[in-house]
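# just to be clear, the model below is a prediction. Sequence and coordinates:
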2 protein chains.
Amino acid sequence: MSTSSDDLRAIALAEFATAGYSATSLHRIADLAGLSKSSVLYHYSSKETLLEATIAPALDRMEQILDALEARTLSPEGRTAFLAEFVDFILQYRLEVNMFINQGPSLVDVPVIDRANDLVVRLSEYFAANTGSVEEKMRFGIALGGAAYMLCRADSLNFESAPIEQTRVALVNILTELLAPVDPITTNRI
Amino acid sequence: MSTSSDDLRAIALAEFATAGYSATSLHRIADLAGLSKSSVLYHYSSKETLLEATIAPALDRMEQILDALEARTLSPEGRTAFLAEFVDFILQYRLEVNMFINQGPSLVDVPVIDRANDLVVRLSEYFAANTGSVEEKMRFGIALGGAAYMLCRADSLNFESAPIEQTRVALVNILTELLAPVDPITTNRI
DNA sequence: TGCCAAACTGACCGATCGGTCAGCTGCTGT
DNA sequence: ACAGCAGCTGACCGATCGGTCAGTTTGGCA
């Protein structure tokens, strides 16, 4: 396969995530790739097609994780195991996640974004965001949006780059603390 | 004072926050206000001026909070008191906060956005994000980005509207849990 | 009434947007 | 040697962008 398609996808991902989809022109993507705008439209028939190719792999992986998750029983152990899996997903696809977290609402009516939003709803339902208390719902929202924000803006907030494993462990800790089920008797976190 | 200016500012804020700055045209803002594009440019000499008028009040308030904060001593009590103040700020200016949290990096070289980014850096320094552990920095990033994300996307995540006071209390709880200082002896959260 | 400034408008401008198209280049299989 | 195709390009298109400008409407005040 030609590397141009993959290059374009990677460049588009970085630009879409950092500058925003509508603020990124095909001309700029072409320049960064050392190609002409026509060549970009040769590989991807439209800007929207390029967007779809950019985040589809992340959505496929997320769908796979959710499918496996919903097949299991909803035990606290399942939740904990899922969190590690979910953190790995975020770390691997942090640009894509940040993109449809931050820009999802502004890109409605784009099919691939609608698919992403559906996945977020499925995820929120797993964490009982629909039936839990207000604070439970807020915990889910903060964990999801916060992880996506922090992983993409770490550079601009004077974070020196940390070992990836250290980041992973810290993220699992924080998300577990935020999302662990509440003991229904004492209403304290267990 | 004419209400047109204020109407335009409110409309622009809502559009900039939900659809994004670069994805919102002056024509659309004018339509929503029932005016012509020329009238928008009569009240605000440029799109950037409108952006500045849109988020400047929130930045003024944030600067005021940070000034008062840095004048106090850096005690745990001061931290706790600040968190309540900070939560009130986020609740009052949630659209503005969400805007420069999510779109700040994509709007560099706009003076008012640079000012907003400087404020975020000041805030992160207060929480020792520079000198703390990796997990401490991540907690700050998740709290800031997560609160901004959750408050603006609550509607789209099947959150039925909750009483504002309940939201406020829950947010203070969560942010306190995320940002409370670590006991240096036991390295457990106190 | 007449006047003037604030509010507002439509016509217009250059730039840039996403996208189309005809054609050029270089490699591969026969 | 030649056919064919993938990769790539510049010229061009209509639409829309932010912004300018001359001119009209409107409302309060002398």
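Received it, and whenever you're ready, just let me know what you need.
# hey, where'd the helices end up in chain A?
A:3-19, A:26-33, A:37-43, A:47-71, A:76-92, A:94-102, A:111-126, A:134-153, A:164-179 (DSSP state H).
# and A:Phe89, what is it in contact with?
Residues near A:Phe89 by Cβ atoms under 8 Å, 6 or more residues apart in numbering or on different chains: A:58, A:61-62, A:65, A:97. (Glycine included, C-beta is placed from N, CA and C.)
# at 7 Å instead, please
Going by Cβ atoms under 7 Å, 6 or more residues apart in numbering or on different chains, A:Phe89 touches A:61-62, A:65.
# show me what from chain A comes close to chain B.
Residues of chain A lying close to chain B (Cβ under 7 Å from any Cβ of the partner chain) are A:18-20, A:22-23, A:101-103, A:105-106, A:124, A:129-130, A:134-135, A:137-139, A:141-143, A:145-147, A:149-150, A:153-154, A:156-159, A:162, A:166-167, A:170-171, A:173-174.
# rewinding a little: which among the contacts of A:Phe89 end up buried?
Listed as buried from the contacts of A:Phe89 are A:62, A:65; burial here means 16 or more other Cβ atoms under 10 Å in any protein chain shown.
# from the contacts of A:Phe89, pick the one nearest DNA strand D.
Nearest to DNA strand D among these is A:Arg61, at 25.6 Å by Cβ to the nearest atom of the strand.
# report pLDDT for that closest one.
A:Arg61 is assigned a predicted lDDT (pLDDT) of 96.
# likewise A:Gly20?
93.
# which residues touch the closest residue to A:Asp7 other than its chain neighbours?
Nearest non-adjacent residue to A:Asp7, counting by Cβ to Cβ, 6 or more residues apart in numbering or on different chains: A:Ala33, 5.4 Å away. When contacts are counted by Cβ under 7 Å, 6+ apart, A:Ala33 touches A:7-8, A:11.
# please report how far A:Arg79 lies from DNA strand D.
Note on A:Arg79: its distance to DNA strand D, by Cβ to the nearest atom of the strand, to the nearest Å, is 45 Å.
# just checking, A:Ala143 touches B:Gly146?
Yes. Shown here, A:Ala143 and B:Gly146 form a contact pair, counting by Cβ atoms under 7 Å, at 6.4 Å.
# where in chain A is pLDDT low?
A:1-2, A:73-74, A:128-130, A:156-161, A:181-190 (pLDDT under 70).
# is it true that A:Glu63 touches A:Val120?
No. Using Cβ under 7 Å, A:Glu63 is not in contact with A:Val120; the gap is 11.7 Å.
# between A:Ala143 and B:Gly146, who's got more neighbours?
B:Gly146 (29 against 26; other Cβ atoms under 10 Å in any protein chain shown).
# with adjacent residues omitted, what lies nearest to the more buried one?
Nearest non-adjacent residue to B:Gly146, counting by Cβ to Cβ, 6+ apart: A:Gly146, 2.5 Å away.
# ok, now A:Ala23?
B:Ser22 (4.0 Å).
# give me the phi and psi for that neighbour.
Main-chain dihedrals, B:Ser22, degrees, to the nearest 10: phi -70, psi -20.
# so what's the residue count around it?
B:Ser22 has 18 neighbouring residues, counting by other Cβ under 10 Å.
# I'd guessed it sits against A:Tyr21; true?
No. Between B:Ser22 and A:Tyr21 there is no contact under Cβ under 7 Å: 9.2 Å.
# distance check, the residue in chain A positioned nearest to DNA strand D against DNA strand C.
For chain A, the residue closest to DNA strand D is A:Ser38, as judged by Cβ to the nearest atom of the strand, at 2.9 Å. Separation of A:Ser38 from DNA strand C (Cβ to the nearest atom of the strand): 4 Å.
# how much space separates that residue from A:Ala14?
In this view, A:Ser38 and A:Ala14 are 21 Å apart by Cβ to Cβ, to the nearest Å.
# what of A:Met150?
18 Å.
# the more surrounded of these two?
Neighbour totals were compared for A:Met150 and A:Ala14, and A:Met150 leads with 27 against 15 (other Cβ under 10 Å).
# name the nearest residue to that one, ignoring sequence neighbours.
According to Cβ to Cβ, 6+ apart, the nearest residue to A:Met150 is B:Gly141 (3.1 Å).
# again, but for A:Val110
Closest to A:Val110 by Cβ to Cβ, 6+ apart is A:Glu48, at 6.1 Å.
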